[in-house]
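Colleague: Sequence isn't available, so here's the structure alone:
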């Protein structure tokens with residue numbers, strides 16, 4: 001496969017993510033729900049900023065954040081309940097990442113695969129930060145939807161508060177939630 005073919009294959013996945021609406025918001029009645037790509041962009045930007053503030057590798061934080069939902073282009077944006085019912089979800093996600101990595105030259109393919117594995121396992125401080133920022137962004141989006149009149153977003157906000165492990169980020173979300181909580 002040529003580099004052009006490989007990039008085209010990855011770009012097709014990106015296009016799917018730009019169109020794919022976040023299932024949790026749709027389930028809660030949000031009429032114009034954000035796309036997976038919009039969520040990933042927000043996670044990447046927040047991860048970069050927080051990594052810089054914490055003297056962590058901002059480029060690696062962005063890499064992880066930008067690919068963390070890439071398999072959803074092929075598997076779909078699954079709700080937590082749907083994920084629980086899929087026994088082989090991680091294997092399916094890894095298959096997608098592996099297939100996309102084949103579109104890249106050697107060391108770049110390895111970077112993509114290693115970043116994905118690092119994210120899934122939370123095996124570095126940067127990966128753990130991105131995992132928490134993923135939940136932080138979800139909570140922030142929930143606050144936005146709550147303020148826009150979608151009361152079903154409260155459940156996702158509360159879930160985000162429970163799932164964020166970093167005390168500083170959890171407290172930030174709690175503070176920003178203010179009177180809504």
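Modeller: Great, that's in hand. These numbers were taken from a predicted model, which means no experiment stands behind them.
Colleague: which residues touch the lowest-mean-pLDDT helix or strand in the chain?
Modeller: In the chain, no helix or strand scores lower on mean pLDDT, DSSP states H and E than helix 80-85, which sits at a mean of 86. Contact with helix 80-85 is made by 23, 89, 159, as judged by CB atoms under 8 Å, 6 or more residues apart in numbering. In short, each C-beta sits where N, CA and C put it, glycine included.
Colleague: Filter those down to the ones in strands?
Modeller: Using DSSP state E, no member of the contacts of helix 80-85 falls within strands.
Colleague: Redo the residues you listed as TSV? Include neighbour count and distance to residue 76.
Modeller: Listed next are those as TSV, based on neighbours: other CB atoms under 10 Å; distance: CB to CB, whole Å:
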residue	neighbour count	distance to residue 76
23	17	7
89	15	11
159	16	19
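Colleague: Low-confidence regions, the chain specifically.
Modeller: 1-3, 179-181 (pLDDT under 70).
Colleague: Would you mark the buried spots in the particular helix or strand that has residue 6 in it?
Modeller: Using DSSP states H and E, residue 6 sits in helix 3-19. Across helix 3-19, burial judged by 16 or more other CB atoms under 10 Å covers 6, 10, 13, 16-17.
Colleague: swap in stretch 122-141?
Modeller: Applying 16+ other CB under 10 Å to stretch 122-141 flags 124, 126-141 as buried.
Colleague: which residues touch it?
Modeller: 24-25, 34, 39, 42-43, 46-47, 50-51, 54, 56-57, 60-61, 64-65, 68, 117-119, 121, 153, 156-157, 159-161, 163-166, 169, 172-173, 176-177.
Colleague: Among these, which ones are in strands?
Modeller: Going by DSSP E, the strands hold none of the contacts of stretch 122-141.
Colleague: From the residues you listed, keep the buried residues only.
Modeller: 24-25, 34, 39, 42-43, 46-47, 50-51, 56, 60-61, 64-65, 68, 118-119, 153, 156-157, 159-161, 163-164, 166, 169, 173, 177.
Colleague: for the chain, longest helix please?
Modeller: helix 125-147 (DSSP state H).
Colleague: Run the chain-centre distance for that one.
Modeller: The chain centroid and the centroid of helix 125-147 are separated by 9 Å, computed with CA atoms, centre = their mean, to the nearest Å.
Colleague: Would you verify that residue 149 is located in a helix?
Modeller: No - secondary structure of residue 149 (DSSP: H, G, I helix; E, B strand; the rest coil): coil, not part of a helix.
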